[in-house]
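Trainee: sharing a sequence plus its predicted fold:
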Amino acid sequence: MGKMAVFRRDGVIPIRARILISTLLALACLPGCGSSSGASGGGGSTPTTRLALVTLPSQNGVSTYRVSASGVLTLVAGSPFPAGPSPSALWILPSGNFAYAANQAENDISLLKIDNSTGSLTEIMPRTPVGVNPSSLAMDSGGNFLYVANQASNTISVFSASSSSGSLTAVTGSPFPANPGPQTLLLSPSGDFLFVCNPNIAAVSVYTTSSGALQEVAGSPFTVGHVPVSMAVDSGEHFLYVTNEADGTLSVFSIAASGTLTPISGSPFTIVSAPAALALNTSGNYLYVTNHGAANVSVYALDSVTGVPTQIANSPFTASTTPSFLVLDPSNTFMLEADQTAKTISTLPITASTGALAGIASSVTLPSGPGSVSLTK
């Protein structure tokens, strides 16, 4: 998927510090985080179904599910597979052979080898140390650099990644200083800019990413609403969308060639109760937002010229009790919506022509609250 991220809540720290986005995500997984751009290799022939990887912080493990074409999840035998202490954010490499998990209780990164034939995961030691409370991961579409938000250290660690082994090497200057409380990371589709949510100061920071090295752009950080928790950017890198959980608003910015952000007319937009994760579909014409305080998901049509969101007919659509984060299928067939409180992952079919959701079609119950969900492609 390669773009959007998916957001995560680890179930241990306070709820507003727990949301992440792939991504994740776009995760998204569309313009955003936590997905891969390939799923072959890693221990056998190409599978007939994709995999969903779900971090379980309180279990110190990661479960894998086979995902059917319609989004039905089937647990892989042996799940959950061991990872580090309290794994939260997760990112799958473009090769689909490896994944990284951020271990919040140990302040390091686990490297997990993915067997795409069986769906099993094997951790490759040793773990890679990072800063205190790693809360979010992001990676460019080529799988060259991994970015880690160290929320309690006020830093961002950056590593070059080996596509063959998954091993990580810190780039010169890492960890880089960040504005207070960096929580959520989002790379632009080109990989030229890194966007960072700073909930403690109600702002979004923007950095250039030359060979992985970070430099803050002029005017950063940029003011948003209270408790920004999730972000999405369109494939053309024209607009950045930010959910402000405490305000119930959506901030929308135009993105200059330099990375500078300018609020569009009407921003911030009042949307829902405690908006959490958000994701754009692959075409970039629909925006999906989980409403953590309202048990539903809102869908907005986006104006490609102005970036203005308009809620579609019949939105919001019924979801689980407290929808925490989501990941979109890259074929725009379904959404996976995770609920930390109910400990579930639900599949909501998508009508591609209208962007509408058809309600919960299926659901799986987890042994504990999920920290993140990522899809192989």
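Mentor: Alright, I've got the coordinates.
Trainee: state the pLDDT value of residue 40.
Mentor: pLDDT for residue 40: 31.
Trainee: can you check residue 168 too?
Mentor: Looking at residue 168, its pLDDT reads 98.
Trainee: which residue packs closest to it, ignoring adjacent ones?
Mentor: Closest residue to residue 168 apart from its sequence neighbours, by C-beta to C-beta, 6 or more residues apart in numbering: residue 159 at 3.9 Å. Using the backbone N, CA and C atoms, a C-beta is placed for each residue, glycine as well.
Trainee: so how far is residue 116 from that neighbour?
Mentor: Going from residue 159 to residue 116 by C-beta to C-beta, to the nearest Å gives 24 Å.
Trainee: coming back round to it: give me the number of residues near the residue nearest to residue 168?
Mentor: 22 (other C-beta atoms under 10 Å).
Trainee: quick check: it touching residue 174?
Mentor: Yes. Using C-beta atoms under 8 Å, residue 159 is in contact with residue 174, at 7.0 Å.
Trainee: overlap of the contact sets of the two?
Mentor: residue 212 (C-beta atoms under 8 Å, 6 or more residues apart in numbering).
Trainee: name all residues that make contact with residue 320.
Mentor: Here residue 320 is in contact with 295, 337, 339, 342, 344, 346, 360, 363 (C-beta under 8 Å, 6+ apart).
Trainee: among those residues, which lie within strands?
Mentor: 337, 339, 344, 346, 363 (DSSP state E).
Trainee: name the helix or strand for residue 235, please.
Mentor: According to DSSP states H and E, residue 235 maps onto no helix or strand at all.
Trainee: can you count the residues close to it?
Mentor: When neighbours are counted by other C-beta under 10 Å, residue 235 registers 16.
Trainee: that one and residue 372: what is the separation?
Mentor: Distance, residue 235 to residue 372, by C-beta to C-beta: 23 Å.
Trainee: what does residue 195 give?
Mentor: Using C-beta to C-beta, one obtains 18 Å as the distance from residue 195 to residue 372.
Trainee: SS state for residue 69?
Mentor: Put simply, residue 69 is coil when judged by DSSP: H, G, I helix; E, B strand; the rest coil.
Trainee: quick check, it in contact with residue 347.
Mentor: No. With contact defined as C-beta under 8 Å, residue 69 does not count as touching residue 347 (11.3 Å).
Trainee: of those two, who's got more company?
Mentor: Neighbours were counted for residue 69 and for residue 347 using other C-beta under 10 Å; residue 347 has more, 22 against 12.
Trainee: in contact with the more buried one, which residues?
Mentor: 70-73, 334-337, 360-363.
Trainee: apply 10 Å and report the result again.
Mentor: 67-68, 70-73, 329, 333-337, 358, 360-364 (C-beta atoms under 10 Å, 6 or more residues apart in numbering).
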